[in-house]
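Student: Give me a 3D structure for the following:
(chains A and B)
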Protein chains: 2
Amino acid sequence: MLRLNRSAALKQVRIEDDFWTPFKNLVREVVIPYQWDALNDRIPDAEPSHAIRNFRIAAGKETGEFGGFVFQDTDVAKWLEAVAHSLQEHPDPELEKLADETIDLIAEAQHEDGYLNTYYTIKEPGKQWTNLTDCHELYTAGHMMEAAVAYYEATGKRKLLDVMCKFADLIGQVFGREEGQIRGYDGHQEIELALVKMYEATGNDAYLKLSQYFIDERGQEPSFFIKEWEQRGMTRHWGDAKGPHTKPDPSYHQSHLPVREQKEAVGHAVRAVYMYTAMADLAARTSDASLLEACRTLWRNIVQKQMYITGGIGSTAHGEAFTFDYDLPNDTIYAETCASIGLIFFAQRMLQIEPKGEYGDVMERALYNNVIGSMSQDGKQYFYVNPLEVWPEASEKNPARRHVKAVRQKWFGCSCCPPNVARLLASLGAYVYSSNEDTIYTHLFIGSKSSFQLGDKRVELNQETHYPNEGHVRITVNPEQALEFTVAIRIPGWSRSNKLTVNGESVDIGAIRRDGYAYVTRTWKAGDKLELELSMDIHLLHAHPQLRANAGMAAIQRGPLVYCLEEADNGSNLSAITIDARGEWTFRYDADLLGGAVRIEGSGYREDESSWNEELYRPVQFAPSPIRVHAIPYYLWGNRKQGEMRVWIRVHQTGI
Amino acid sequence: MLRLNRSAALKQVRIEDDFWTPFKNLVREVVIPYQWDALNDRIPDAEPSHAIRNFRIAAGKETGEFGGFVFQDTDVAKWLEAVAHSLQEHPDPELEKLADETIDLIAEAQHEDGYLNTYYTIKEPGKQWTNLTDCHELYTAGHMMEAAVAYYEATGKRKLLDVMCKFADLIGQVFGREEGQIRGYDGHQEIELALVKMYEATGNDAYLKLSQYFIDERGQEPSFFIKEWEQRGMTRHWGDAKGPHTKPDPSYHQSHLPVREQKEAVGHAVRAVYMYTAMADLAARTSDASLLEACRTLWRNIVQKQMYITGGIGSTAHGEAFTFDYDLPNDTIYAETCASIGLIFFAQRMLQIEPKGEYGDVMERALYNNVIGSMSQDGKQYFYVNPLEVWPEASEKNPARRHVKAVRQKWFGCSCCPPNVARLLASLGAYVYSSNEDTIYTHLFIGSKSSFQLGDKRVELNQETHYPNEGHVRITVNPEQALEFTVAIRIPGWSRSNKLTVNGESVDIGAIRRDGYAYVTRTWKAGDKLELELSMDIHLLHAHPQLRANAGMAAIQRGPLVYCLEEADNGSNLSAITIDARGEWTFRYDADLLGGAVRIEGSGYREDESSWNEELYRPVQFAPSPIRVHAIPYYLWGNRKQGEMRVWIRVHQTGI
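Tutor: As a prediction, this is how the structure comes out:
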């Protein structure tokens, strides 16, 4: 059996952090109430959600038509999950009451046999389980299960968990390889990882086996989706009355091959990473070596060939999908927020199996850049697509870039991203640490007070830091009594020179570093201090030469934060700017920059337009003028006036 | 009245040229017969055209369903026009017989009242003139008119001309501002320029006035297309039974404003340039100053802000359209062949009004690059989209680039481009010269024997050149008797130093150069020789800093030919290559290169991949290795093995 380094449960970790506490407060004070209003169709000028109303109709408390997408229920589920996480750290009786009432409503919408889905209840009764390919029936169930587990863990209340156990039991009867069962799986993976959570919460082995069945069955021939489509008379849900009813493309759903034979991340990016997360969950719990190897292969393919420097994934809007190795255009990008969240899930699960810095590094990259960059400073507007290059006029006038918005939008019609951000931030504590019987791993540098059980001993950790603005991290270790164990701390891949001390005495990192973690094993006594000083240099990075879109360009990074240039600081036409990679680059904390952040400044050049007359092309005659180049953290872009933004900047001297 | 410099008629010019005769032979010997087979559905593996069959069905000689697009008749029209042009230089009784029979068939398909259109005859009888927005009814008529005029000019046979006069007369009754007439115009401009040709061929002033009506009416409020759409019950042709029936977008059809108020080229690029061509035609014939000014404004907008260096126009596949100023992406480009042909028409018409080098330069640029590059060396395969950057794997796997083909295709389902190339090349003589009573203009450097009537005197010109491979042009001037007149010769904008001699004696170009033409006025005697020696240096060009897609890059040009790098000569991953703009660049004629062409070679660097391990991003550390860079003329790309291609190459030293 694999030894699992379990992520700390939320109740073990209390975040108190310069950088993150404001985000978490925003989620609690603004996002959750705002989303509640959205679910109840109370946001002016935003498309109505219909989500709560659908449950009221399904429960027989109201009459009307179903509204929203076929998976609209999941918005309620993600909200409930965020609420549950939030209640762990911040009890709030009023909010809990709202959640309890919502759960009562959900329970009333459940069918006698356990079935629960407002779309099929209201709009297509009797058509359950006829279009797994398109209609997210099990995906929706999966999100409800995640909410149920989270709410149970937060409050101890079983009502929603019981509802979802009943539904999971029904699903276990409907799906499988026995006579009379549907030998299929969902078009959008999600229930696979949710069932593992159900198994962990209830101890019911049937849920683990059901998850395993969905994963093992996927991609077997003949294709379930194509068979289902033929049985349905070759119709598709999304084609609906008018559109084309094309044959399903199994690779879009990662069902083109059995999962163990998949070598490259393909198709819809969110579906993909949700599936890989479940695969890792199952590999960890069943010691399935071939499944684990598939996880490693797919992980490497993503992070070595298909991931933006911001931790974004998905190179095309068409199918919100991966394309192929090294195809990472900055302007026609997709990089959906939910996909990076899924990548964080996948990284967290891989860390539980094998604590390697590459997982922690990518988790951090996606979190500090793509994910938090998707949300506006006020928590009310979101990017679905997270570009690395924005030219607002092109977003408006060039259809190939129309999906790339230059300003964040209010709650979306298809509102998967905002509640996904909320539930991730509300549960951030679960990504900071993991542990087994003798080792506590620190994956993220986030001020927090946490407690662990090592064997029969209790150990508390108090992490203090001003990261990512500064590189100093102090962990005070407090075992209930002197105890030998290991505190392993991630040494980020981007950090070139670091200092580690225990109680002020220097420790040779090289001697205790393995796969990106420094392992400090000793008999810890209460009050012992482990201190890490990360070098927070500015790095100019460039991309693998096969990544054609970034040829000749560099990105700026400091600590985990990727930087960008904005028109607000650098004027328009950022393409005309080159940076001097050999020049001196400096940083300074600016308390006035969007709540406080570290700015970066360096020298560069701007191609002069004044010598151009009316010609569009002329003989080469560069006349760049020296300028100062100003960069801000990527996650803060788009919070001032609308304008251009670029992450990858041309390098002035390519011959260095 | 404006003094019109009439383009030479085809019968005046006989092309005998190293470079162009093979193209013209290809059109005559391969393309016209191949297209005839295509029109008759005899090309294996290609989508059937149905075009001739539609006429047979409409003529009652066969039963069956209409096939192809609503404008399928135009393929027959363009073929007939190409045949007509070809017959002018190369009488071919067998081909003429085929054309006569086709014309007989067309005549039989004409309705009693003059109406002619196989789609409405077969598929939607009674629905004529109900969907001008989408259904190309007048566009199709326009192409038939162009064919009719060309065939009449070539053979003196009036049959098709009479057919089209009858149809034009009907159109004149149906459309107009009187009670009972449709106050509208076509969704796809074309008839406007065709009616001017009808006017020129017949002298019937009504055709000029009808053209004028269509141009003047366009863009008036309320929008005809939107009114028509409302009257039709808000349906669209292309939405058909299943798709969306969206409201027409007047700017797609250049009807968002009265034409005289339009300042920027917008919408579908072919529609746009066909309209501008007609506007110039009308301005020339009616001395309409505001119309001429609109032509100049739109011309400048295109060539100064919306034209690729290859003479391609149209920055997006979505609507095959212009986007906005300086938005010229190389990879998601459209640059349809037909649009460049239309730009050549527009340039030719502007040259007739005001002979300025900028028109001749752009005409040449589009012709020698975008247009001839669209055709394969064997004349059987075509590009519809003419990219400046091709990565074959991206064309296959990234949907945003799927319209960009890495290899030319056989005759298309929508086959506008191949027959458009054929008719242009077959009528190339008409673009070389224009003249008025006392001046003969040479716009293009193409070996040719031509004759002109200056007043009551006949003048023959014999142009000899190996252009564009070499820069020497000799024009032997043969007036029937000594005569004072002017020979004006274009001095291309790209040519920095040139020599002009008359009978070996040097002429000071500076003193006689005006707006891009050198005007040599003298008493010409038979045998006088005007010789121009153009400097054929290699130019590295760069683009206006606002053209963000080309920042830091250069294109290679020699004479009128834009060059490109191909994988066949430079290996894969052309993005990893930088060129040394300060290095020495050389050219040499290579008789073995695709029938003979001039290669260009220079020094550059290639970013080394060998130092990269598994990381996708790493600190900047460029390690380029010196390489030789090999370029070939753009028009020859894609004729060897499939591979990458790039026109814009990164420049190694940006600080020169």
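
Student: Run through the residues that contact the closest residue to A:P624 other than its chain neighbours.
Tutor: Distances taken as C-beta to C-beta, 6 or more residues apart in numbering or on different chains put A:Y605 closest to A:P624, at 3.4 Å, once the chain neighbours are dropped. Using the backbone N, CA and C atoms, a C-beta is placed for each residue, glycine as well. For A:Y605, the contacting residues are A:I577, A:T578, A:D580, A:P624, A:S625, A:P626, A:I627, A:H652, B:T654, B:G655, by C-beta atoms under 8 Å, 6 or more residues apart in numbering or on different chains.

Student: What I need now is those written out in TSV, including neighbour count for each item.
Tutor: Shown next, in TSV, are the contacts of A:Y605 (neighbours: other C-beta atoms under 10 Å in any protein chain shown):
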residue	neighbour count
A:I577	22
A:T578	27
A:D580	20
A:P624	18
A:S625	11
A:P626	11
A:I627	18
A:H652	23
B:T654	24
B:G655	13
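
Student: Out of these, which sit inside helices?
Tutor: In helices, judged by DSSP state H, none of the contacts of A:Y605 are found.

Student: on that earlier part again, chain center to the host helix or strand of the residue nearest to A:P624: distance?
Tutor: A:Y605 is part of strand A:597-607, with elements assigned from DSSP states H and E. The chain centroid and the centroid of strand A:597-607 are separated by 30 Å, computed with C-alpha atoms, centre = their mean, to the nearest Å.

Student: same question, stretch A:499-508
Tutor: On the basis of C-alpha atoms, centre = their mean, stretch A:499-508 sits 34 Å off its chain's mean C-alpha point.

Student: for it, which positions count as buried?
Tutor: Going by neighbour count (16 or more other C-beta atoms under 10 Å in any protein chain shown), the buried part of stretch A:499-508 is A:L500, A:V502, A:V507.

Student: what's the span of it from first residue to last?
Tutor: Stretch A:499-508 has its terminal residues 8 Å apart, counting by C-alpha to C-alpha, to the nearest Å.

Student: can you check stretch A:124-141 too?
Tutor: In stretch A:124-141, first residue to last residue: 17 Å (C-alpha to C-alpha).

Student: Now that stretch: buried residues?
Tutor: Neighbour-count burial for stretch A:124-141 [16+ other C-beta under 10 Å]: A:124, A:128-141.

Student: what's the helix or strand of chain A with the lowest mean pLDDT packed up against?
Tutor: Every helix and strand of chain A was ranked by mean pLDDT, DSSP states H and E. The lowest is strand A:409-410, at a mean of 82. Judged by 3 or more C-beta pairs under 8 Å, 6 or more residues apart in numbering or on different chains; DSSP states H and E, the packing partners of strand A:409-410 are strand A:381-382.

Student: partners of the helix or strand just after the strand it packs on, with directions?
Tutor: Sequence order places strand A:389-390 as the next helix or strand after strand A:381-382, per DSSP H and E. Its sheet considered, strand A:389-390 pairs with strand A:645-646 (antiparallel) by DSSP bridges.

Student: which residues are in contact with the strand it pairs with?
Tutor: A:330, A:387-390, A:564-567, A:574-575, A:637-638.

Student: ok, now with 6 Å
Tutor: The contact list for strand A:645-646, computed with C-beta atoms under 6 Å, 6 or more residues apart in numbering or on different chains, reads A:E389, A:V390, A:C564, A:L565, A:E566, A:L574, A:W637.

Student: Mind checking if stretch A:354-362 is in reach of chain B?
Tutor: No - Stretch A:354-362 is not in contact with chain B by C-beta under 6 Å from any C-beta of the partner chain; minimum separation 9.4 Å.

Student: who's in contact with the closest residue to A:V30 other than its chain neighbours?
Tutor: Spatial nearest neighbour of A:V30, excluding adjacent residues (C-beta to C-beta, 6+ apart): A:G379 at 4.1 Å. Residues in contact with A:G379 (C-beta under 6 Å, 6+ apart) are A:L26, A:V30, A:V31.

Student: What helix or strand is A:G379 located in?
Tutor: Counting by DSSP H and E, no helix or strand carries A:G379.

Student: Could you check the pLDDT of it?
Tutor: Note for A:G379: predicted pLDDT of 87.

Student: now A:V83, what's its secondary structure?
Tutor: helix (DSSP: H, G, I helix; E, B strand; the rest coil).

Student: related to what we said a few turns ago, for the residue nearest to A:P624, which residues count as its bridge partners?
Tutor: Beta bridges link A:Y605 to A:T578, A:P626, judged by DSSP bridges.

Student: swap in A:I15?
Tutor: A:S448.

Student: So it sits against A:F445, correct?
Tutor: No - judged on C-beta atoms under 6 Å, A:I15 makes no contact with A:F445 at a distance of 11.7 Å.

Student: Check the burial of the closest residue to A:T332 other than its chain neighbours by counting its neighbours.
Tutor: Nearest non-adjacent residue to A:T332, counting by C-beta to C-beta, 6+ apart: B:A400, 4.7 Å away. For B:A400, the count of nearby residues is 25 (other C-beta atoms under 10 Å in any protein chain shown).

Student: and B:A400, how far is that from A:A280?
Tutor: 31 Å (C-beta to C-beta, to the nearest Å).

Student: Mind putting the buried residues of stretch A:499-508 into a markdown table with distance to A:I600?
Tutor: Shown next, in a markdown table, are the buried residues of stretch A:499-508 (distance: C-beta to C-beta, whole Å):
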| residue | distance to A:I600 |
| --- | --- |
| A:L500 | 26 |
| A:V502 | 33 |
| A:V507 | 31 |
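
Student: Can you tell me which of those is nearest chain B?
Tutor: The nearest member of these to chain B, counting by C-beta to the nearest C-beta, is A:L500 at 22.4 Å.

Student: In contact with the closest one: list those residues for me.
Tutor: Counting by C-beta under 6 Å, 6+ apart, A:L500 touches A:V507, A:I509, A:A518, A:L532.

Student: Which ChimeraX command selects the buried ones in the residues you listed?
Tutor: A single ChimeraX command selects the buried members of these (16+ other C-beta under 10 Å):
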select /A:507,509,518,532
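
Student: how about CSV for the contacts of A:L500, with pLDDT added?
Tutor: As requested, the contacts of A:L500 are exported to CSV (pLDDT from 0 to 100):
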residue, pLDDT
A:V507, 96
A:I509, 94
A:A518, 97
A:L532, 98
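
Student: Okay, and which of the contacts of A:L500 map to helices?
Tutor: Using DSSP H, the members of the contacts of A:L500 that fall within helices are A:I509.

Student: Could you check which residue of the stretch 351-500 of chain A lies nearest chain B?
Tutor: Relative to chain B, the nearest point of the stretch 351-500 of chain A is A:P399 (3.5 Å; C-beta to the nearest C-beta).

Student: surely that residue meets B:H318?
Tutor: Yes - A:P399 lies in contact with B:H318 (C-beta under 6 Å); the separation is 3.5 Å.

Student: can you pull the contacts of the residue in the stretch 1-150 of chain A positioned nearest to chain B?
Tutor: With C-beta to the nearest C-beta as the measure, A:D134 is the residue of the stretch 1-150 of chain A nearest to chain B, at 17.2 Å. For A:D134, the contacting residues are A:G187, A:R236, A:H237, A:W238, by C-beta under 6 Å, 6+ apart.

Student: Give me the neighbour count for A:E584.
Tutor: 9.

Student: what's the burial count for the nearest residue to it once chain neighbours are set aside?
Tutor: Excluding the flanking residues, the one nearest A:E584 by C-beta to C-beta, 6+ apart is A:G602, at 6.8 Å. By the criterion of other C-beta under 10 Å, A:G602 has 21 neighbours.

Student: was I right about A:G602 contacting A:R628?
Tutor: No - A:G602 is beyond contact range of A:R628, at 7.5 Å (criterion: C-beta under 6 Å).

Student: what helix or strand is the residue nearest the centre of chain A on?
Tutor: In chain A, the C-alpha nearest the mean C-alpha coordinate belongs to A:I341, at 0.8 Å (C-alpha atoms, centre = their mean). If you go by DSSP H and E, A:I341 is part of helix A:337-353.
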